[in-house]
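**Q** Here is my input, please return the structure:
(2 chains)
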Protein chains: 2
Amino acid sequence: MPPRRVVILEAAARLIARRGVRGLRMEELAAEAGVSSGLLYYHFTDRSTLLRRTLEFINERAGAYTDDRTPTEAPPRERLERKLMLELQDDPVVVENSAAWGELRASALFEPELRETLRRSTAEWNAEIAALIDLAGAGKGSPAGRDSLASAARLTALVEGLSQRWLSRSIELGEAQNLLRDAIAVELGGSA
Amino acid sequence: MPPRRVVILEAAARLIARRGVRGLRMEELAAEAGVSSGLLYYHFTDRSTLLRRTLEFINERAGAYTDDRTPTEAPPRERLERKLMLELQDDPVVVENSAAWGELRASALFEPELRETLRRSTAEWNAEIAALIDLAGAGKGSPAGRDSLASAARLTALVEGLSQRWLSRSIELGEAQNLLRDAIAVELGGSA
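**A** Numbers count the residues shown, from 1 in each chain, chains lettered A, B, ... in the order given. Below you'll find the model as predicted:
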């Protein structure tokens, strides 16, 4: 059984994905996690801290599920594509993670204490994708003179935009996947 | 003075941008708009109808402010760039519109009755951008074999992603603008 702290973070991600940040009450979370309110506050002090830790947890979990399913011996370009494409999958953990991430992103407009953690998590994600772009040897001498960090920022922002469109049912999953696959090809050249 | 219906929709967009959809109460909206609750329900029947009409209002307003500020005699490529770039401006109406749009997008995960209106508004926006891409004569014979509607969908999804990152303070406005400008160049070829 995972440590209580992780059980609480998993329950928080689940509740945020299901009903949003704005409806999240500490007492309800304690019930969902099967712990006492006392233990919840012992681990996370207050609601704001809990939300920031949940954001980090979601970010780490996304890093883990995309890494776990990407063979490390594959060429960098393939690892890059898999890592980005894995964010658009009809898999319960991916859906929950993306829904919670999008909701925390939207909530940060109204809850300023989330912004710094969100900014840092976003920068980490961009840096990770940029490193793969560099490894893939792309981004050099391209017509627009673009650098790998800018390409990474565009691709991850596009993942967020497509993910929100898919989860809000404005586009089908297959269409979102095709758009992202082609965006990678457009950014890095060649076919995806 | 604009018709009462418009006054109500403006007040709804303002409140959603300021505090989110989830905190929006009909009584509070009536007070913000300076009308009676009776008049509010007379015009919009219920909260769900009000939210859908607000979504359409926001979409039309975005169409209007981007059209108004884009000279119709300019070349299509320039009109396309201006129309997309105008969504990332430090202008009170643009900020309010983008914040409300992003919040309605995020809320649609939890309020399914918003989805159809959102899907239609997104499709209209994509079609409008695709028409400009076609007029600009781009999107033909490109290396990835991409079509104008796919390019438009990627560019508008990127606008949404960048806009949410800017409004949640993960990136500076200037960086968001540079990323979008380069994305247009990457999609359509040539320099922006």
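**Q** Report how many residues lie close to A:Arg69.
**A** The number of residues packed near A:Arg69 is 12, by other Cβ atoms under 10 Å in any protein chain shown. From N, CA and C alone the C-beta is placed, and that goes for glycine too.
**Q** backbone phi and psi for it, please?
**A** The main-chain torsion angles of A:Arg69 are listed as degrees, to the nearest 10 and equal phi -100, psi 10.
**Q** A:Leu88 too?
**A** Main-chain torsions, A:Leu88, degrees, to the nearest 10: phi -120, psi 80.
**Q** What separation do you get for it and chain B?
**A** Applying Cβ to the nearest Cβ, to the nearest Å, the value for A:Leu88 to chain B is 12 Å.
**Q** A:Gly174 is in contact with that residue, correct?
**A** No. Using Cβ atoms under 8 Å, A:Leu88 and A:Gly174 do not qualify as a contacting pair, with a distance of 9.5 Å.
**Q** Could I get the full set of helices for chain A?
**A** Across chain A, reading from the start of the chain, the helices by DSSP state H fall at A:4-19, A:26-33, A:37-44, A:47-68, A:76-85, A:92-107, A:115-135, A:148-167, A:173-188.
**Q** would TSV of those with distance to B:Asp147 and mean pLDDT be doable?
**A** Shown next, in TSV, are these (distance: least, Cβ to Cβ, whole Å; pLDDT from 0 to 100):
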stretch	distance to B:Asp147	mean pLDDT
helix A:4-19	33	96
helix A:26-33	45	96
helix A:37-44	49	96
helix A:47-68	29	91
helix A:76-85	20	93
helix A:92-107	26	96
helix A:115-135	25	95
helix A:148-167	17	97
helix A:173-188	10	95
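**Q** Between those helices, which one is closest to B:Thr156.
**A** Comparing the helices of chain A by their distance to B:Thr156 (Cβ to Cβ), the top pick is helix A:148-167, with 8.0 Å.
**Q** Report all helices and strands that the closest one contacts.
**A** Applying 3 or more Cβ pairs under 8 Å, 6 or more residues apart in numbering or on different chains; DSSP states H and E, one finds that helix A:148-167 makes contact with helix A:76-85, helix A:92-107, helix A:115-135, helix A:173-188, helix B:92-107, helix B:148-167, helix B:173-188.
**Q** circling back: if you count what's nearby, which of A:Leu88 and A:Gly174 comes out ahead?
**A** More neighbours sit around A:Leu88 than around the other of A:Leu88 and A:Gly174, counting by other Cβ under 10 Å; the figures are 23 against 11.
**Q** Can you tell me which of the helices and strands packed on helix A:148-167 is packed in deepest?
**A** Greatest average neighbour count among the helices and strands packed on helix A:148-167 goes to helix B:148-167 (a mean of 24), per mean count of other Cβ atoms under 10 Å in any protein chain shown.
**Q** Name the nearest residue to A:Glu113, sequence neighbours excluded.
**A** Taking Cβ to Cβ, 6 or more residues apart in numbering or on different chains as the measure, A:Glu113 lies nearest to A:Ser48, with 4.7 Å between them; neighbours along the chain are not counted.
**Q** wait, isn't that neighbour in contact with A:Arg115?
**A** No. Under the criterion of Cβ under 8 Å, A:Ser48 lies out of contact with A:Arg115, with a separation of 11.5 Å.
**Q** How about stretch A:51-64, which residues are buried there?
**A** Under the neighbour-count criterion of 16 or more other Cβ atoms under 10 Å in any protein chain shown, stretch A:51-64 has A:51-55, A:57-59, A:61-62 buried.
**Q** which of those lies closest to A:Ile129?
**A** A:Ile129 has its nearest neighbour among the buried residues of stretch A:51-64 in A:Ala62, at 11.9 Å by Cβ to Cβ.
**Q** Touching, that closest one and A:Asn97? I think so.
**A** Yes. Using Cβ under 8 Å, A:Ala62 is in contact with A:Asn97, at 5.5 Å.
**Q** Any figure for the gap between the closest residue to A:Glu172 other than its chain neighbours and B:Thr70?
**A** Spatially, and ignoring its direct neighbours in sequence, A:Glu172 is nearest to A:Trp166 (7.5 Å; Cβ to Cβ, 6+ apart). Taken as Cβ to Cβ, to the nearest Å, the spacing of A:Trp166 relative to B:Thr70 amounts to 30 Å.
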